[in-house]
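Chemist: Task: produce atomic coordinates for the following.
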Amino acid sequence: MLDRTLKIEICRVPGGNFGDDLNNIVWQNLFPNILETRNDCTVYGIGTILGGKKFDSSPKVVMGSGLGYQKIYPLGKHWDIRWVRGQLSTQALGIDKKFALGDGALLWSELNTGKQHGDVIGFIPHHATWESYDWQAIAEQVGLLVINPKRSPTQIANEIKQCSRIITESLHGALFADCLQIPWHPVVLAYRFNNFKWKDWLSIYQLPFKPSIAPIPLSNSIGQLSAIKNFCARTFISDNNFRYNSLRAVKVSTESNEQEIINFLGLIASNENLYTCSSTTTLNAMRDKLHSACKLFAHQYDLAFTL
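Modeler: Modelled structure (predicted):
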C-alpha cells in the first residue's frame, strides 16, 4: 500500500495572496477526502504554476493551472492534464485547445451566488504592488473601497460583493468579480502586471482585454542598486507580455506622483463604459464543463465528490 497521499501544489506568497490561497478551500470542498486518499500524486490547481522549472517524474494532475512567467519545460507522460486555464496555455504546452476550460476559482460555491452588489467601487492592487505604497490613502482620495489582496478568499469575496464595480490589477480580483457578475476593469500599476495570464484566462470568454496603464509607478522606498537595475530595465528592455518595464520604479514617489495616480484612478472610476463582465449563460456553461471534469477525476482517482 502507498504510504503517501495526494498533495495540492500551491504558490505560497509571504503574507498571503487570495487567488493562490483559494486552493486551500476549493479542492477540499469538492473532494472532501482528497488529502487522505493514498496516491503518489500532486494536484496542480489554481495559479500560474506550470512554468519556470524542470519537474520531477512523480505523477501530477493539472486542474486549471496556467503558464505565464518563465521558461516552459515539456510536460512528460507522468502528467495527467484534465484542463488548463486558457488557450494560450494549451498553445504553449502543445495540447488540444479543448483542454482550455478556465480557472478553478469558478468552482467555489461562494462565487456562485447570483447578482448582488453594493454601491461602492472596489480597488484591488496586485499582491506585490500592495507592498510598494499606501494604497489605502490613495483609494480614499478617489472614494474607492481598497481591498487588500493578502486577506483571505472569503474576506475578499465578501468585500467584492459590497461593490458595484471593481478596478483591479489582480487577475483573481477580476475573476472573483466576474463570477459574481460585478463589472470589472484591469489596471496596470507596476511592472509585474502579466498580460499573458490575463489573455490566457480571457481566451475562453468573449470579453475584451483593454487595461488602463498608469502613467507612473508609486514607490515609498527603493534601494540604490534596485534603482539602477530598474533604470537599466526601463532603458534597454521593452514592455512585453510578461512585464511592463516602463513601470519599474527608479525613485521614491512625490506628492505630485501621487496626484497623477489619484487622477488616473478617478478617471477610471467615473467611466462606466470601461467595465465588463460575463453573462449568466456563459458562467453556467463554464461551471458545467468544470463540474463534469471534476466528477470524472473523482471517479478515476477514487475520491468523494460534492457540489
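Chemist: Pull the contacting residues for the residue nearest to Asp20 when sequence neighbours are not counted.
Modeler: Residue nearest to Asp20 in three dimensions, not counting chain neighbours: Cys11, with 4.6 Å by C-beta to C-beta, 6 or more residues apart in numbering. All C-beta atoms are positioned from the backbone trio N, CA, C, and that covers glycine. Residues in contact with Cys11 (C-beta atoms under 8 Å, 6 or more residues apart in numbering) are 17, 20, 47-49.
Chemist: hey, where'd the strands end up in the stretch 201-307 of the chain?
Modeler: 212-213 (DSSP state E, counting those that start in this stretch).
Chemist: looking at the contacts of Cys11, which has the most residues close by?
Modeler: Per-residue neighbour counts (other C-beta atoms under 10 Å) across those peak at Gly47, which has 27 neighbours.
Chemist: List the residues that contact that one.
Modeler: Contacts of Gly47 by C-beta under 8 Å, 6+ apart are 10-11, 19-20, 23, 65-66.
Chemist: Please list only the buried members of those residues.
Modeler: 10, 19-20, 23, 65-66 (16 or more other C-beta atoms under 10 Å).
Chemist: Would you reformat the residues you listed as JSON lines and include secondary structure, pLDDT and distance to Tyr205?
Modeler: Output for the buried ones among the contacts of Gly47, formatted as JSON lines (DSSP: H, G, I helix; E, B strand; the rest coil; pLDDT from 0 to 100; distance: C-beta to C-beta, whole Å):
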{"residue": "Ile10", "secondary structure": "coil", "pLDDT": "80", "distance to Tyr205": "25"}
{"residue": "Gly19", "secondary structure": "helix", "pLDDT": "91", "distance to Tyr205": "17"}
{"residue": "Asp20", "secondary structure": "helix", "pLDDT": "91", "distance to Tyr205": "22"}
{"residue": "Asn23", "secondary structure": "helix", "pLDDT": "93", "distance to Tyr205": "22"}
{"residue": "Ser65", "secondary structure": "coil", "pLDDT": "94", "distance to Tyr205": "18"}
{"residue": "Gly66", "secondary structure": "coil", "pLDDT": "93", "distance to Tyr205": "14"}
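Chemist: Can I get those in a markdown table including distance to Ile261?
Modeler: Formatted as a markdown table, those follow (distance: C-beta to C-beta, whole Å):
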| residue | distance to Ile261 |
| --- | --- |
| Ile10 | 32 |
| Gly19 | 23 |
| Asp20 | 26 |
| Asn23 | 32 |
| Ser65 | 33 |
| Gly66 | 29 |
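Chemist: If we only consider the residues you listed, which is nearest to Ile138?
Modeler: Among the buried ones among the contacts of Gly47, Gly19 lies closest to Ile138 (C-beta to C-beta), at 21.9 Å.
Chemist: The closest one against Ser170, yeah?
Modeler: Yes - contact criterion C-beta atoms under 8 Å: Gly19 and Ser170 qualify, at 6.8 Å.
Chemist: count of neighbours near the residue nearest to Asp119 when sequence neighbours are not counted?
Modeler: Among residues not flanking Asp119 along the chain, Ser164 sits closest, at 5.3 Å (C-beta to C-beta, 6+ apart). A count of nearby residues for Ser164, using other C-beta under 10 Å, gives 14.
Chemist: next helix or strand past whichever strand or helix holds Ser164?
Modeler: Assigned by DSSP states H and E, Ser164 falls within strand 163-168. Sequence-wise, the next helix or strand downstream of strand 163-168 (DSSP H and E) is helix 171-179.
Chemist: Now do that following helix against strand 163-168, angle only.
Modeler: Interaxial angle of helix 171-179 relative to strand 163-168 (axes from the mean of the first three to the mean of the last three C-alpha atoms, to 10 degrees): 150 degrees.
Chemist: Now do the helix or strand that helix 171-179 is followed by: which elements does it pack against?
Modeler: The first helix or strand that comes after helix 171-179 along the chain, using DSSP H and E, is strand 184-188. For strand 184-188, the elements it packs on are strand 163-168, helix 171-179, strand 212-213, helix 255-270, judged by 3 or more C-beta pairs under 8 Å, 6 or more residues apart in numbering; DSSP states H and E.
Chemist: could you redo the last one with a cut-off of 6 Å?
Modeler: strand 163-168 (3 or more C-beta pairs under 6 Å, 6 or more residues apart in numbering; DSSP states H and E).
Chemist: CA atoms only for the strand it packs on, dumped as CSV, please.
Modeler: In CSV, the C-alpha atoms belonging to strand 163-168 read as follows (Å, rounded to 0.1, in the frame of the first residue of the first chain):
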residue,chain,number,x,y,z
CYS,A,163,-19.2,46.8,-4.8
SER,A,164,-21.0,48.0,-7.9
ARG,A,165,-17.7,47.8,-10.0
ILE,A,166,-14.2,46.7,-9.5
ILE,A,167,-10.9,48.2,-10.6
THR,A,168,-8.3,45.5,-10.3
